[in-house]
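> Build me a structure from this.
(2 chains)
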Amino acid sequence: MKSRNGVATVCLIAVWLLLAAVPAWAHHSFGAECDGTKPVTLTGVVTEVQWTNPHFYFFVDVKNKNGAVAHWKFEGYPPTVLNRIGWKRNETMRPGDTVTVFGWRARDGSNWAHSREVTFANTGKKLQSGPPAGNGDGGSTPPAVGR
Amino acid sequence: MMNYSSCLAALAAILVSTSCQSTSGHNQSVPRTADGKPDLSGVWQPGSDRVGTWEEANQGVGVPDPGRPPVKRGGPPPYQPWAAKKVLESFNNRGIDNPVARCIPQLDLGGGPLYPIQFVQTPQLIVILVESRHVFRLIPMNAKHPDDLDPSYLGDSVGHWEGDTLVVDVTGFKEQLAGAEIHTDAWHVVERYTRVDYNTINYEATLEDPKALTRPWTIQSKIMLRPGTRLQEYVCEENNLDPARFEQLSKDGLVKRK
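Numbering: from 1, shown residues only, chains lettered A, B, ... in the order given. Next up is the predicted model:
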């Protein structure tokens, strides 16, 4: 009986944190796709930019120390959000540009990441490119509800 | 020695000065429509509390600082045990089942600060245009909900004024048992929009759901005017890779908390 009440209490003490941690504005769950404990910073050459909703995607060829090239895919804000924070569709990022991208890796370990910030080699300028880690993850604390 | 007319002139100067102060910057008064109601027209950022243009208020980032929740909730949501279990399931599944990932519109109560909204106001109808997922909300004033209401994602809204507060009654929802707005078809939302100064709308929503909640609860946030911001097209279905990707991640057992 005690344990049953305990389970109920855990349930009933909890969901609040989840709801507080799940912003309704995120298009999808960050935590479902990416691992916030796996940050990654990579420098390479942009090969393609997809200026699309609900996310923009850009592709970067990254050379490792042995000269081998890995093709990375990065995800970020939709164009409407980018337009308001300083990006311009045909000017800010173009194929051939060298960029350094900070983000978090996908859960499946593929060369796919959620981008947070891009630094452009030709100007040194930094721009936000996606939301912070944790959107939709719910954090590590089980959710709580009231009574 | 100050004579009568110079005294009047000095008083007038003070009054003009005070008047100018009260209609400039952050102290501008609340605009009103021809029928005397607060005029909510304009482009706004929900879920923020900072004054200024979009760039000023968001410091070039586009969202409030991480860890600075913009929406206040009136305590934990009082879910009935079965509904609390659904919320826990969603948590353990890292929110992969959130309908938003499938471009399903939500009320986004309290607001998502990443996207602007726009009020278009007439005495008979108030329209809220929402950039995110290209949603519009029609709020007929002093009207009744239709008798033949089909359940919908955004529900059916009707509005009326209580003093200077716009009160919007929303009902007729589809049941949604995953994501950030878990509710049944008995969900009933009453929103209150009060423009308290030139820059600020105080927002409050009271949520009832006799099938899923043990009692009503409220959330509060602010909605801030964003001069110069325009709504843009956001077609969520354009290149939505998430459902297929989430399905694969789920099959591979990479999402669920263990």
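
> and chain A, what are its domains?
A:1-24+A:139-147, A:27-128 (automatic domain parsing).

> Pick out the shakiest of the ones you listed, pLDDT-wise.
Lowest mean pLDDT within the domains of chain A: domain A:1-24+A:139-147, at a mean of 49.

> end-to-end on stretch B:131-139?
For stretch B:131-139, the first and last residues are 17 Å from each other (C-alpha to C-alpha, to the nearest Å).

> So what touches it?
Contacts of stretch B:131-139 with the rest of the structure, by C-beta atoms under 8 Å, 6 or more residues apart in numbering or on different chains, involve A:25, A:80, B:100, B:103-105, B:108, B:112, B:114-117, B:125-130, B:154, B:157-159, B:168, B:231-236. Bear in mind the C-beta positions are built from the backbone N, C-alpha and C, glycine included.

> mean confidence score for it?
Across stretch B:131-139, pLDDT averages out at 95.

> which of the residues in it are buried?
Residues of stretch B:131-139 classed as buried under the neighbour-count rule (16 or more other C-beta atoms under 10 Å in any protein chain shown) are B:Glu131, B:Ser132, B:Arg133, B:His134, B:Val135, B:Arg137, B:Ile139.

> out of everything not next to it in sequence, what's closest to the residue most central in space within chain A?
In chain A, the residue lying closest to the centroid (C-alpha atoms, centre = their mean) is A:His114, at 3.0 Å. Nearest non-adjacent residue to A:His114, counting by C-beta to C-beta, 6 or more residues apart in numbering or on different chains: A:Cys34, 4.4 Å away.

> Run through the stretch 51-200 of chain B and note the low-pLDDT ranges.
For the stretch 51-200 of chain B, the stretches flagged by pLDDT under 70 are B:60-71, B:74.

> show me where chain A has strands.
Secondary structure of chain A, counting by DSSP state E: strands at A:34-50, A:56-63, A:69-76, A:98-106, A:112-120, A:126-128.

> Next, format these as CSV and append distance to B:Val190.
Below are the strands of chain A laid out as CSV (distance: least, C-beta to C-beta, whole Å):
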stretch, distance to B:Val190
strand A:34-50, 36
strand A:56-63, 37
strand A:69-76, 37
strand A:98-106, 39
strand A:112-120, 37
strand A:126-128, 36
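
> Tell me which of the buried residues of stretch B:131-139 fall in strands.
Short answer: the buried residues of stretch B:131-139 in strands (DSSP E) are B:Val135, B:Arg137, B:Ile139.

> any idea how far the residue nearest to the centre of chain A is from B:Phe246?
According to C-beta to C-beta, to the nearest Å, A:His114 stands 14 Å off from B:Phe246.

> Tell me the residues that contact both of these two, please.
In contact with both A:His114 and B:Phe246: A:Glu33, using C-beta under 8 Å, 6+ apart.

> So the residue in the stretch 51-200 of chain B that chain A sits nearest to, which state does it fall into?
Nearest residue of the stretch 51-200 of chain B to chain A (C-beta to the nearest C-beta) works out as B:Gly112 at 2.3 Å. What DSSP: H, G, I helix; E, B strand; the rest coil gives for B:Gly112 is coil.

> That one and B:Ser48 touch, don't they?
No. With contact defined as C-beta atoms under 8 Å, B:Gly112 does not count as touching B:Ser48 (10.2 Å).

> one step back: return the residues in contact with the residue nearest to the centre of chain A.
A:Phe30, A:Glu33, A:Cys34, A:Phe74, A:Glu75, A:Gly76, A:Gly103, A:Trp104, A:Ala106, A:Gly130, A:Ala133.

> which one is the second one nearest to, not counting chain neighbours?
Excluding the flanking residues, the one nearest A:Glu33 by C-beta to C-beta, 6+ apart is A:Ala106, at 6.1 Å.

> I would like the residues contacting stretch A:28-38, please.
So stretch A:28-38 is contacted by A:22, A:54, A:75, A:103-107, A:113-114, A:131, A:133-138, B:93-96, B:98, B:100-101, B:242, B:245-246, B:249, B:255 (C-beta under 8 Å, 6+ apart).

> swap in stretch A:63-82?
A:27, A:33, A:42, A:44, A:47, A:51-62, A:85, A:87, A:89, A:92, A:101, A:103, A:111-115, A:128-131, B:62, B:114-115, B:131, B:232-234.

> Around chain A, pick out the residues from the stretch 151-258 of chain B.
B:179-181, B:214, B:217, B:229, B:232-242, B:245-246, B:248-249, B:252, B:254-255 (C-beta under 8 Å from any C-beta of the partner chain).

> I'm done for today, thanks for sticking with me.
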